[in-house]
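>>> How does the following fold in three dimensions:
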Amino acid sequence: MVQKRFETEAVVLDYLPTGHIGDSTPSYKRVPLAQIIGVNFFSLLEVVPKSELSSHDRVFIGKGDRNKISHVKRRILYDDLTSYAKSEIEEILKEIISKDESRFVKFFNSSQPLSIRYHQLELLPGVGKKLMKEILMEREKRTFESFKDIQERISSIPDPLNMIVKRIISELNNEDRYKIFVNPIFR
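Presented below is the predicted three-dimensional model:
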């Protein structure tokens, strides 16, 4: 059995002070909502905040005393995000990845084959067989230390940060069966 993993920290994608626009609940019964993305497993969640929030705010959502969040209402899919949240997600993912760069550089250093013919590196947009072999050869010489180091040593690689952002968005959209960064959805 796969153990469920929970987020402890998240970033606000959108704050809805009167709840969802299309909600049929009478206005006096509506509660403010926020759409957030977890920083560890990139879980998309809808939460009920204790006070007003702004997009890009970092909030604690783990077990224990939460300053800004009352409770997690539900897990949501990428299609459930508001248009504003969708417009902010790329920039917020860049912030999350940049703050924990070593975790994502580790992917370049430790990725493994998925099958005889397919490697985890090939899941990144823009990485084919030729670029994958180049990355593997470079990491055999010595491990990568940063995104900058990857770009300096492999001139043909596109921006590693953007590659990871695009991959995460693809996984959130359920466009691929392989999940390397996003926590699979449990139902």
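
>>> Okay, buried residues for stretch 151-160 please.
Burial within stretch 151-160, assessed by neighbour count using 16 or more other CB atoms under 10 Å, is assigned to 151, 153-154, 157, 160. The C-beta positions use only the backbone N, C-alpha and C, and glycine is treated the same way.

>>> my read: Asn183 touches Leu45, true?
No: the pair formed by Asn183 and Leu45 falls short of the contact definition of CB atoms under 8 Å, at 11.0 Å.

>>> Need the overlap of contacts for those two.
Gly38 (CB atoms under 8 Å, 6 or more residues apart in numbering).

>>> now for the buried residues of stretch 151-160, which pair is the farthest apart?
Maximum pairwise distance among the buried residues of stretch 151-160 (CB to CB): 11.2 Å, between Arg153 and Pro160.

>>> how about the helices of this protein, start to end?
For the chain, applying DSSP state H gives helices covering 83-99, 101-110, 129-141, 147-153, 160-172.

>>> can you list those helices in TSV and add mean pLDDT?
Output for the helices of the chain, formatted as TSV (pLDDT from 0 to 100):
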stretch	mean pLDDT
helix 83-99	97
helix 101-110	97
helix 129-141	96
helix 147-153	96
helix 160-172	96
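
>>> Turn the ones you listed into TSV, columns for distance to Glu7.
Output for those, formatted as TSV (distance: least, CB to CB, whole Å):
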stretch	distance to Glu7
helix 83-99	12
helix 101-110	15
helix 129-141	30
helix 147-153	24
helix 160-172	14
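
>>> Among those, which comes closest to Tyr118?
Evaluated with CB to CB, the helices of the chain place helix 129-141 nearest to Tyr118, the distance being 9.7 Å.

>>> residues in contact with that closest one?
108-109, 119, 121-122, 127, 144, 150, 153-154, 156-157.

>>> Send me it as PDB with only the CA atoms.
Provided in PDB are the C-alpha atoms of helix 129-141 (Å, rounded to 0.1, in the frame of the first residue of the first chain):
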ATOM      1  CA  LYS A 129      18.000  10.600 -26.400                       C
ATOM      2  CA  LYS A 130      21.000  12.700 -27.500                       C
ATOM      3  CA  LEU A 131      20.600  15.400 -24.800                       C
ATOM      4  CA  MET A 132      19.900  12.600 -22.200                       C
ATOM      5  CA  LYS A 133      23.200  10.900 -23.100                       C
ATOM      6  CA  GLU A 134      25.100  14.200 -22.800                       C
ATOM      7  CA  ILE A 135      23.600  14.800 -19.400                       C
ATOM      8  CA  LEU A 136      24.500  11.300 -18.200                       C
ATOM      9  CA  MET A 137      28.100  11.600 -19.500                       C
ATOM     10  CA  GLU A 138      28.500  15.000 -17.700                       C
ATOM     11  CA  ARG A 139      27.200  13.700 -14.400                       C
ATOM     12  CA  GLU A 140      29.600  10.700 -14.600                       C
ATOM     13  CA  LYS A 141      32.500  13.200 -14.600                       C
END
